[in-house]
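Undergrad: Any chance you could fold what I've pasted below:
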Amino acid sequence: MRTMGHAIAALAILAPLAAAGAADLRVGYSSDITTLDPANHRSRVTEGLVHNIYDAVITRTDDMKVVPEIAQSFTQIDATTYEAKIRPGIKFQDGSALTAEDVKFTFDRLTKDNAMGGKTSPRASLVGPLADTIVVDPLTVRFKLKNPWPIFPAYLPFNQVVSKAFVEKVGTDGMATQAMGSGPFKLVEWRRGDSIILERFAGYYGGATDIPPAGPARVDRVIFKVIPEAASRVAALLAGEVDLIDELPQHMIKQIEGNPRTQVLKTNGTRSFFIDLNNKKPPFNDARVRQAANLAVNRQLIIDRILSGLAVPLATLISPDSYGYNASLKPYAYDPAKAKALLAEAGYPNGVEVTIDVDNAFKDQAEAVAASMSQAGFKAGVRLWERTALTDLWKDPEKHDRQMQFRSWGDGALDPVGIFVPVLKSKDRGNFSGYSNAEVDALLTAADTETDVAKRSKQYEDAQAIIYKEAPLLYLWLPQDIYGASKRLKSWNPSPRGIVKLHRAAIDG
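TA: Below is the predicted model:
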């Protein structure tokens, strides 16, 4: 009866779109976007949808290779200079030509102080030390960096090109709710909290030639329907009301696989899960207690029982697929006896009481961690929060007495600079544990500008060895990204980046 009820609910919320034709592709999306402005967010969900409207200078294939998109070619001239040749004939969705001036405007808007209605783009760090974007001719731009930043090409796919004329016409406020890019789909309507409707852009230049087939989109419309509850998304897919859903919970996989009309699609994820340990306050200001916490969690058992085996345990934050991964480090083994001994050595012979803060979406996983820790001397409880409130609470570990926070961090570029630096460098934007180590900071700072690939990798590997021993975090796992799809959906596979770009997707029948 529960499944039928969810199916009825799904039918009801999709009813306003029932008149759509057979060439429509419907997506049940777990959350709404925050804006339509490519330069004014730090949301992977938003980026995933915006990529259908806007293209970037270069992009990534499904196997994470960087290839030209708007650019016809992309070359490095010297340690601080890159050049992009723009494909001739690219049109924005209003029919105007995309030129080097638009590319320069896009990156000036990202990097210049107060360039967005008096505010600075929250995505400025995604272009690193970019000092200037220089127009060489109508179809050539050069990117000039303040200092070497070897991962500049890896980060360009995060930044989509906008029309200078359109932005100047509608302003920063207008960009939040209007869109006009050079991508495969045009915006029809954004019904905030309900749906985003896109239609095929017939004049699309075709996209990256390294990702065939090039050409206009293969469906007439894409409808992203916001369905936050997982059971309702699954019910909508099983009822044939949507063709694709994201964030498929592991425990619902069998429902999708058991239906002859649906399938499960998986890809290696790029989002590491871990628990912040408050390094500034007892008990986790003692490395022995932090090590004990890492020894207290049976990662593989939780992966097998809660995540259906669709994750790998982590030794640190870094994905095994990442550049600079230290393969000599193995995930902490489950050893409750050793954990208890370390707690006793640290002055807690009778164990220690701790609380794991978590948002509702990951309640089950946090409770599994707490249960495992309770076998190893930690009297662990779980407290539920809304994600925004939890983030605000944990911003400064010196100003609160919270102990543990269950969370994740994405690394779409598969380079340690995107996850190691913000989460563990002293006082960086994602460092909620309060961890600070001068040697780690020095290694991360040096790696940021090191152009020798092997030397840079070694710097990250050495930094991982330090944080493995000091255990400022409780390292957990890297799950696969899991989608449910209709078998009518063709020519689409999930990307490790978490981007749901549907340019090449087709609907059969």
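
Undergrad: Look at residue 430 and give its secondary structure.
TA: Taken by DSSP: H, G, I helix; E, B strand; the rest coil, the conformation at residue 430 corresponds to coil.

Undergrad: show me where the stretch 251-400 of the chain has helices.
TA: Using DSSP state H, counting those that start in this stretch, the helices of the stretch 251-400 of the chain run over 253-257, 287-295, 299-306, 336-345, 363-373, 387-394.

Undergrad: Pipe these into a markdown table and attach distance to residue 246 and mean pLDDT per row.
TA: C-beta: built from backbone N, CA, C; applies to glycine. Below are the helices of the stretch 251-400 of the chain laid out as a markdown table (distance: least, Cβ to Cβ, whole Å; pLDDT from 0 to 100):
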| stretch | distance to residue 246 | mean pLDDT |
| --- | --- | --- |
| helix 253-257 | 13 | 95 |
| helix 287-295 | 31 | 98 |
| helix 299-306 | 19 | 96 |
| helix 336-345 | 36 | 98 |
| helix 363-373 | 18 | 96 |
| helix 387-394 | 17 | 89 |
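
Undergrad: Put together CSV for those, with distance to residue 475 and mean neighbour count on each row.
TA: What follows is those, written out as CSV (distance: least, Cβ to Cβ, whole Å; neighbours: other Cβ atoms under 10 Å):
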stretch, distance to residue 475, mean neighbour count
helix 253-257, 25, 16
helix 287-295, 6, 24
helix 299-306, 8, 17
helix 336-345, 14, 19
helix 363-373, 11, 20
helix 387-394, 18, 14
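
Undergrad: Output the ones you listed as CSV; include the columns distance to residue 487.
TA: Output for the helices of the stretch 251-400 of the chain, formatted as CSV (distance: least, Cβ to Cβ, whole Å):
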stretch, distance to residue 487
helix 253-257, 11
helix 287-295, 42
helix 299-306, 28
helix 336-345, 45
helix 363-373, 29
helix 387-394, 34
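
Undergrad: and residue 105, which of those helices is closest to it?
TA: For residue 105, the closest of those is helix 387-394, at 32.0 Å, according to Cβ to Cβ.

Undergrad: who does that closest one touch, helix- and strand-wise?
TA: If you count contacts as 3 or more Cβ pairs under 8 Å, 6 or more residues apart in numbering; DSSP states H and E, helix 387-394 packs onto strand 352-359, strand 404-410.

Undergrad: Can you report how many residues neighbour residue 476?
TA: By other Cβ atoms under 10 Å, the residues close to residue 476 number 25.

Undergrad: typo on my end, it should be residue 112
TA: Number of residues near residue 112 (other Cβ under 10 Å) recorded here: 13.

Undergrad: top helix in the chain by residue count?
TA: helix 453-470 (DSSP state H).

Undergrad: Can you list the neighbours in contact with that helix?
TA: With contact meaning Cβ atoms under 8 Å, 6 or more residues apart in numbering, helix 453-470 is reached by 150, 287, 290-291, 315-318, 323-326, 328-329, 416, 420, 424, 435, 437, 439-440, 443-444, 446-447, 450, 473.

Undergrad: Make a ChimeraX selection of whichever of the residues you listed turn out to be buried.
TA: A single ChimeraX command suffices to select whichever of these are buried according to 16 or more other Cβ atoms under 10 Å:
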select :150,287,290,291,315,316,317,318,323,324,325,326,329,416,420,424,435,437,440,443,444,447,450,473
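
Undergrad: Spit out the contact partners of residue 45.
TA: Contacts for residue 45 (Cβ under 8 Å, 6+ apart) come out as 29, 30, 31, 32, 33, 34.

Undergrad: The nearest residue to the second one once chain neighbours are set aside: what secondary structure?
TA: Nearest-residue entry for residue 30: residue 247, 4.1 Å, with adjacent residues in sequence omitted and distances by Cβ to Cβ, 6 or more residues apart in numbering. For residue 247, the reduced secondary structure class is coil; criterion used: three-state DSSP.

Undergrad: looking at it, residue 433 is touching residue 471, isn't it?
TA: No. Applying Cβ atoms under 8 Å as the test, residue 433 and residue 471 come out as separate, 10.2 Å apart.

Undergrad: Spit out the residues that contact these two alike.
TA: In contact with both residue 433 and residue 471: residue 277, using Cβ under 8 Å, 6+ apart.

Undergrad: which stretch among the helices of the stretch 251-400 of the chain comes nearest residue 127?
TA: Residue 127 sits nearest to helix 387-394 of all these, at 24.1 Å, using Cβ to Cβ.

Undergrad: Export the closest one to CSV, keeping only CA atoms.
TA: Output in CSV follows, covering the C-alpha atoms of helix 387-394 (Å, rounded to 0.1, in the frame of the first residue of the first chain):
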residue,chain,number,x,y,z
ARG,A,387,21.9,20.9,6.7
THR,A,388,21.9,24.8,6.7
ALA,A,389,21.7,25.0,10.5
LEU,A,390,24.4,22.3,10.9
THR,A,391,26.8,24.1,8.5
ASP,A,392,26.3,27.4,10.3
LEU,A,393,26.9,25.7,13.7
TRP,A,394,30.2,24.0,12.6
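
Undergrad: what angle sits between that helix and strand 404-410?
TA: Going by axes from the mean of the first three to the mean of the last three Cα atoms, to 10 degrees, helix 387-394 is angled at 110 degrees with respect to strand 404-410.

Undergrad: just to revisit the earlier point, filter the contacts of residue 45 down to the buried ones, PyMOL style.
TA: Selecting only the buried entries of these in PyMOL, with 16+ other Cβ under 10 Å as the criterion:
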select buried, resi 29+30+32+33
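
Undergrad: quick check, nearest of the contacts of residue 45 to residue 129?
TA: For the contacts of residue 45, the minimum distance to residue 129 (Cβ to Cβ) is 26.6 Å, reached by residue 34.

Undergrad: which parts of the longest helix of the chain are buried?
TA: Buried, per 16+ other Cβ under 10 Å, within helix 453-470: 456, 457, 458, 459, 460, 461, 463, 464, 465, 467, 468, 470.
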